[in-house]
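Asker: coordinates only, no sequence provided:
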């Protein structure tokens, strides 16, 4: 699992404008800790995070807005030396940058500049599937899902003139490595779908409903939740 997550920071579909870092293995982490630790350093840890998200908005039956973003980085908590703690950060998850960050964090802790709180490391049971919701549905199917909810909402009441349907997904991957050999990881998917009625009854009425969870895009449609969001938005906008 840990090795998969380490390489999962880099084994993501390549997209235009996306910076894809190279692979980091547990042996590389040993090298970083070897440089970070020393006689005056009591403990240290590394915090890796990679977040990828997207959003889609359908208005008047047309995709009016869409976005995709990737954020990543690694924080080095440079060691508690007595009461001193140093921090360094890199947005590139590559070995050379990790080694540079470890040097900086160790120097800060040793020289007495900077302070911070230690990371909380623990092992937790899996509460949701480690899936990538962004890739759980092809893009044409995502648009089809938005249009299905839009058509369903309009069919519920002929007075409805404008419907806005949006959905978003995020995959957040976290890995914490501690100098005592502890590795803790989490993969956190999140999907949200909303339906809004912006015009009904011949005037500007509003109705809104939505929700989400830690699953892929298919689940809201397969369990009927997406259409129930539309039902509630129509109820609010048009009345019983």
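Answerer: Looks like it arrived, so ask away. Treat the numbers as computed from the prediction; the structure is a model and nothing was measured.

Asker: only C-alpha atoms for contact and neighbour calcs from this point on.
Answerer: Noted.

Asker: helices of this protein, start to end?
Answerer: Under the criterion DSSP state H, the chain contains helices at 2-8, 26-36, 95-111, 139-156, 218-222, 225-238.

Asker: now the second one: average pLDDT?
Answerer: So the one you mean is helix 26-36. If you average the pLDDT over helix 26-36, you get 78.

Asker: what's the angle between whichever strand in the chain runs longest and helix 26-36?
Answerer: Criterion DSSP state E: the longest strand present in the chain is strand 62-81. Angle of strand 62-81 versus helix 26-36, following axes from the mean of the first three to the mean of the last three CA atoms, to 10 degrees, is 50 degrees.

Asker: give the pairing partners of strand 62-81; include direction for each.
Answerer: strand 45-59 (antiparallel), strand 84-90 (antiparallel) (DSSP bridges).

Asker: just list whatever residues bridge to the spatially most central residue of the chain.
Answerer: Note on the chain: the residue nearest the mean C-alpha position is residue 172, at 3.0 Å, using CA atoms, centre = their mean. For residue 172, the beta-bridge partners are residue 51, residue 188 (DSSP bridges).

Asker: can you tell me how far it is from residue 41?
Answerer: 31 Å (CA to CA, to the nearest Å).

Asker: swap in residue 24?
Answerer: Taking CA to CA, one finds residue 24 at 24 Å from residue 41.

Asker: repeat that for residue 185.
Answerer: Residue 185 sits 24 Å away from residue 41, going by CA to CA.

Asker: neighbour count for the two, which is higher?
Answerer: The neighbour comparison of residue 185 against residue 41 (other CA atoms under 10 Å) goes to residue 185, with 21 against 18.

Asker: surely the more buried one and residue 178 touch.
Answerer: No. Under the criterion of CA atoms under 8 Å, residue 185 is not in contact with residue 178, lying 11.6 Å apart.

Asker: identify the contacts common to these two.
Answerer: Among the neighbours of residue 185, none is also in contact with residue 178 (CA atoms under 8 Å, 6 or more residues apart in numbering).

Asker: where in this structure is pLDDT low?
Answerer: 1-23, 26, 38-39, 78-83, 108-125, 200-202, 240 (pLDDT under 70).

Asker: make it 80
Answerer: For the chain, the stretches with pLDDT under 80 are 1-30, 34-43, 77-87, 92-94, 103-128, 180-183, 198-205, 220-222, 239-240.

Asker: tally of neighbours for residue 140?
Answerer: Here the count is done by other CA under 10 Å, and residue 140 has 8 residues near it.

Asker: scratch that, residue 68 is what I was asking about
Answerer: Neighbours of residue 68 (other CA under 10 Å): 15.

Asker: how close does it get to residue 186?
Answerer: To residue 186, residue 68 is 22 Å away according to CA to CA.

Asker: try residue 69
Answerer: 20 Å.

Asker: of these two, who's got more company?
Answerer: Higher neighbour count among residue 69 and residue 186: residue 186, with 21 against 12, using other CA under 10 Å.

Asker: thought the more buried one was touching residue 176?
Answerer: No. Counting by CA under 8 Å, residue 186 does not reach residue 176; the two are 9.0 Å apart.

Asker: and for residue 193, the neighbour number?
Answerer: Residues lying near residue 193 (other CA under 10 Å) number 24.

Asker: so it sits against residue 213, correct?
Answerer: No. Using CA under 8 Å, residue 193 is not in contact with residue 213, being 9.5 Å away.

Asker: number of nearby residues for the nearest residue to residue 145 once chain neighbours are set aside?
Answerer: Leaving aside its sequence neighbours, residue 145 sits nearest to residue 221 (CA to CA, 6 or more residues apart in numbering; 7.7 Å). Burial of residue 221 is recorded as 14 neighbouring residues (other CA under 10 Å).
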